[in-house]
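Peer 1: Got a sequence here, can you model it:
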Amino acid sequence: MCRWLAYSGSPIHMSSLILKPENSLINQSHDARESISTLNGDGFGIGWYDSRPEPGQFRDILPAWNDSNLKNIAEQVRSPLFFAHVRASTGTPTSRTNSHPFKHGKWLFMHNGKIGNFERLRRDISFLIAPELFPCLQGTTDSETFFFLLLTNGLEKDPARAFTQSIEQVQELMDAAGVEEPLTLTAAATDGEAIYAIRYASNNKPPTLYYGCSVSLTDTFGKELNTGDNATLILSEPLSQSQASWNEVPPGHFLVAGDGAVSTAPIG
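Peer 2: Residues are numbered from 1 along each chain as shown. Below you'll find the model as predicted:
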């Protein structure tokens, strides 16, 4: 399974979270602690916001631990809101277009999990996507397909409802096709203002998801890292060994983060 993190707060260099903490995303790309797969080397991506409403994006196919461009960009770019993702493929090819986060307009989306037997359901799910959005699909993943289904179902107007409706539609198709493999969805979307995240699985065994507010972090040498004022982190697993700063998102819950505040509520 993939690993990802989302940050919102005062502008910080992305390296403060992607590269430097003791359990940084780079470390999770080759030694994840709370994932079925310890290796997440099938590409990576970052997406960030600055002075424009549309986000910047950089994705590549190399393992995150072995790409000097990621290190150089993360050490130079400061942002008040960014996504970062390291990928473990669930069957689709390793390519830039299949790397997260995915972008459309002002929105970013990233996912850890799987639509069970997606290769069997891909055509039917794709037919649910709005005709004007379908040409914007670039890759072949279940994640990007689900993102465009969210956009079709009103992500921009009501994110919680869009997630609920999209899950119901996919689950109906899975049930009709007799798919027994579960739908697992630990995902995040943002419009550059708020972050919306979800932890869900049809078998009640979703991938891990945590959040922390104004957390205290140290690097591998014990030096304190600046995470900024009113900082909020949503992530697949903690960046530190201490559990005191981190809150586990319960299964079947939807999370909204913005302006230093986080709220969670049951889905539906």
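Peer 1: Going by C-alpha atoms from here, please, whenever you check contacts or count neighbours.
Peer 2: Will do.
Peer 1: for this protein, what's the longest helix?
Peer 2: In the chain, with assignment by DSSP state H, the single longest helix is helix 159-176.
Peer 1: Helix 159-176 and the very next helix or strand once past that one, what's the angle between them?
Peer 2: Going down the chain from helix 159-176, the next helix or strand is strand 183-190, by DSSP states H and E. Angle, strand 183-190 to helix 159-176, by axes from the mean of the first three to the mean of the last three CA atoms, to 10 degrees: 160 degrees.
Peer 1: Render the CA-only coordinates of strand 183-190 in CSV, please.
Peer 2: Provided in CSV are the C-alpha atoms of strand 183-190 (Å, rounded to 0.1, in the frame of the first residue of the first chain):
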residue,chain,number,x,y,z
LEU,A,183,-13.0,-1.5,-1.6
THR,A,184,-10.3,0.3,0.5
LEU,A,185,-10.1,4.0,0.5
THR,A,186,-7.8,6.2,2.6
ALA,A,187,-7.6,9.3,0.5
ALA,A,188,-7.3,13.1,0.6
ALA,A,189,-8.5,15.9,-1.7
THR,A,190,-7.9,19.7,-1.5
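Peer 1: Pairing partners for the helix or strand just after it, with directions?
Peer 2: Once strand 183-190 ends, the next helix or strand along the chain (criterion: DSSP H and E) is strand 195-201. Sheet pairing here is set by DSSP bridges, and for strand 195-201 it gives strand 183-190 (antiparallel), strand 253-258 (antiparallel).
Peer 1: from the chain's centre, how far out does strand 195-201 sit?
Peer 2: 9 Å (CA atoms, centre = their mean, to the nearest Å).
Peer 1: Then stretch 124-142?
Peer 2: That offset, for stretch 124-142, works out to 19 Å (CA atoms, centre = their mean).
Peer 1: Quick one: end-to-end length of it, please.
Peer 2: 12 Å (CA to CA, to the nearest Å).
Peer 1: For it, the averaged confidence score.
Peer 2: Here stretch 124-142 scores 97 as its mean pLDDT.
Peer 1: got the buried residues for it?
Peer 2: The neighbour-count check on stretch 124-142 (16 or more other CA atoms under 10 Å) flags 125, 126, 128, 129, 134, 137, 139, 140, 141, 142 as buried.
Peer 1: Would you enumerate the residues in contact with the third one?
Peer 2: Residue 128 makes contacts with 149, 152, as judged by CA atoms under 8 Å, 6 or more residues apart in numbering.
Peer 1: Angles on the backbone of it, please.
Peer 2: Main-chain dihedrals, residue 128, degrees, to the nearest 10: phi -80, psi -10.
Peer 1: how much space between it and residue 204?
Peer 2: 25 Å.
Peer 1: just to revisit the earlier point, could you look over the strands paired with strand 195-201 and pick the most buried one?
Peer 2: With neighbours taken as mean count of other CA atoms under 10 Å, those reach their highest mean count in strand 183-190, at a mean of 25.
Peer 1: what mean pLDDT would you report for that strand?
Peer 2: Mean predicted lDDT for strand 183-190 stands at 98.
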